[in-house]
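> just to be clear, the model below is a prediction. Sequence and coordinates:
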Amino acid sequence: MMAAIESGVFHAGDRLPSETELAASHGVSVDTIQKVLKRLVERGLIRREHGRGTFVSGKNVVAADGHYLRFMDEQGTELPRFVQLLSVKRVKRKGAWSEFLGGEAFVRIERLTDVATRFSFISEFWLREDDYEKMGNVERGALEKNLRELVRERLALSTLRVEQLVRYSCLPEKIAAKLSLDPTEPGFIMELCGHSLQDRPLYYLAVFAPKFSERLALGSE
């Protein structure tokens, strides 16, 4: 159903078939369809209107077009991913982002990505505040798409090299809370450090995910 929304079979505002029709077309029980629809509502992909039916939202979540993380099922089919912008915040505190980027003030773009309703992860994309300001007025839709491409277009700075660091550790408490996870349970943490011309630090990206069984392919965005 996510693939149908992503590919345009269902558009924003379209009414979905009834639960009985969906169950029959997918060869599953109505109870299974109800669970799936509940998850899609929670992710903002669809909305349910009492007495009218179920509709594709198309407002809060958009199909991801970046490819630094690609997840595949057991057959090797790439799973659809949908991105929701959570916040854009100016930050002066220090952390791994400041150690890499340098400077005193930063902008953090926080996003939630849903992977085929199987699991979700949170990413934090960090830029120096002065670089973000040079990008001008960035609309929400642009921040829910390929951020590396956005930086290239607005700042004329291409990513020429990326360091990828992966570890298995407990997620930060605030991240775990947003993903409804036990903060004492280890999860997947990935850091990407993007360099531009003359090895200039361009962006810092952190990805926080729960344990997952899907196949993960790492590549360039």
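Cool, got the structure.
> which residue ranges form the helices in the protein?
2-7, 19-26, 30-42, 96-101, 129-134, 140-143, 147-155, 173-178 (DSSP state H).
> report the inter-axis angle for the second one versus helix 30-42.
Comparing the axes of helix 19-26 and helix 30-42 via axes from the mean of the first three to the mean of the last three Cα atoms, to 10 degrees yields an angle of 100 degrees.
> ok, and for helix 19-26, which residues are buried?
Going by neighbour count (16 or more other Cβ atoms under 10 Å), the buried part of helix 19-26 is Glu19, Leu22, Ala23. In short, each C-beta sits where N, CA and C put it, glycine included.
> check contacts around the last one.
Ala23 makes contacts with Ser29, Val30, Thr32, Ile33, as judged by Cβ atoms under 8 Å, 6 or more residues apart in numbering.
> what score does it have for pLDDT?
For Ala23, the model assigns a pLDDT of 92.
> mind checking how far it is from Arg148?
Distance of Ala23 to Arg148, given as Cβ to Cβ, to the nearest Å: 40 Å.
> would you show me how to pick out the buried ones of the contacts of Ala23 in ChimeraX?
Here is the ChimeraX command that picks out the buried ones among these, judged by 16+ other Cβ under 10 Å:
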select :33
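> was I right about Pro201 contacting Leu192?
No. Counting by Cβ atoms under 8 Å, Leu192 is not a contact partner of Pro201; they are 11.8 Å apart.
> who's more crowded, those two?
Each of Pro201 and Leu192 has its neighbours counted (other Cβ atoms under 10 Å); Leu192 has more, 22 against 16.
> thought the more buried one was touching Tyr204?
Yes. Look at Leu192 against Tyr204 with Cβ under 8 Å: they come within range, at 7.5 Å.
> pull out the buried residues from stretch 94-108.
Buried residues in stretch 94-108, defined by neighbour count with 16+ other Cβ under 10 Å: Trp97, Ser98, Phe100, Leu101, Phe106, Val107, Arg108.
> which residues touch that stretch?
Looking at stretch 94-108 with Cβ under 8 Å, 6+ apart, the contacting residues turn out to be 87-92, 124-130, 132, 191, 193, 201, 203-204, 206.
> among the residues you listed, which lie within strands?
Here DSSP state E is the test, and the contacts of stretch 94-108 give 87-91, 124-128, 191, 193, 201, 203-204, 206 as lying in strands.
> for PyMOL, write the select line for the buried members of those.
Applying 16+ other Cβ under 10 Å to the ones in strands among the contacts of stretch 94-108, the buried members can be selected in PyMOL as follows:
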select buried, resi 124+125+126+127+128+191+193+201+203+204+206
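> that older thread, and which of the buried residues of helix 19-26 is nearest Arg154?
Nearest to Arg154 among those, counting by Cβ to Cβ, is Leu22 at 41.4 Å.
> can you tell me how far that closest one is from Thr54?
Leu22 sits 9 Å away from Thr54, taking Cβ to Cβ as the criterion.
> hmm, which helix or strand of this protein has the shakiest average pLDDT?
Across the helices and strands of the chain, mean pLDDT, DSSP states H and E gives its lowest value to strand 62-63, namely a mean of 47.
> still on that earlier bit, any residues in contact with both of Leu22 and Thr54?
In contact with both Leu22 and Thr54: Leu16, using Cβ under 8 Å, 6+ apart.
> quick one: contacts for the closest residue to Leu181 other than its chain neighbours?
Leaving out its chain neighbours, the residue that sits closest to Leu181 by Cβ to Cβ, 6 or more residues apart in numbering is Pro210, at 5.5 Å. Residues in contact with Pro210, defined by Cβ under 8 Å, 6+ apart, are Phe119, Phe121, Leu171, Leu179, Leu181, Glu185, Gly187, Phe188.
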